[in-house]
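Colleague: Next comes the sequence, and after it the predicted model I'd like to discuss.
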Amino acid sequence: MKTLKFFITIGVICFGLFSFTKLIQEEWKVPEKYQKMKNPTATTPDLATGKLLYTKHCKSCHGVEGYGDGPKAEDFDADLGDFSTEEFQVQTDGALYYKTTIGRDDMPGYIKKLPDDEDRWQIINYIRTLVE
């Protein structure tokens, strides 16, 4: 009986630790090539197109203001980020391009849905306007 209690206790602890680690997201490693990538549309942003594409593809999860509070956000355990924060905004355009293009976990990659690179860059330009 003592052995059974021991194994149950160890099982509960292991389950708890595993559950807790699922709540903490691993840092999103962006390859150096993308970190240094320049946004070819930064000097001539088309914010109307960026907003339209953001509304169609991003708003349902990330929300109207980019707070990560869209109607689908509650379906995910992960932190969807807050685009208005300085922590988010200090990322390079290339890093955001990588994350939007490649995706990971619950964040889909948009290379197939938005095959035109310029569309993804315009979304990034629009996201830059969501700063507080």
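Modeller: Done, it's in.
Colleague: Model confidence for Thr3, exactly?
Modeller: Note on Thr3: pLDDT of 70.
Colleague: Surely it is within a helix?
Modeller: Yes: judged by DSSP: H, G, I helix; E, B strand; the rest coil, Thr3 forms part of a helix.
Colleague: burial count for Gln35?
Modeller: Residues contacting Gln35 under the criterion other C-beta atoms under 10 Å number 13. Using the backbone N, CA and C atoms, a C-beta is placed for each residue, glycine as well.
Colleague: contacting residues for it?
Modeller: Going by C-beta atoms under 8 Å, 6 or more residues apart in numbering, Gln35 touches Thr92, Gly94, Ala95.
Colleague: Rebuild the residues you listed as a markdown table, extending it with distance to Pro40, neighbour count and secondary structure.
Modeller: As requested, the contacts of Gln35 are exported to a markdown table (distance: C-beta to C-beta, whole Å; neighbours: other C-beta atoms under 10 Å; DSSP: H, G, I helix; E, B strand; the rest coil):
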| residue | distance to Pro40 | neighbour count | secondary structure |
| --- | --- | --- | --- |
| Thr92 | 14 | 16 | coil |
| Gly94 | 11 | 19 | helix |
| Ala95 | 15 | 18 | helix |
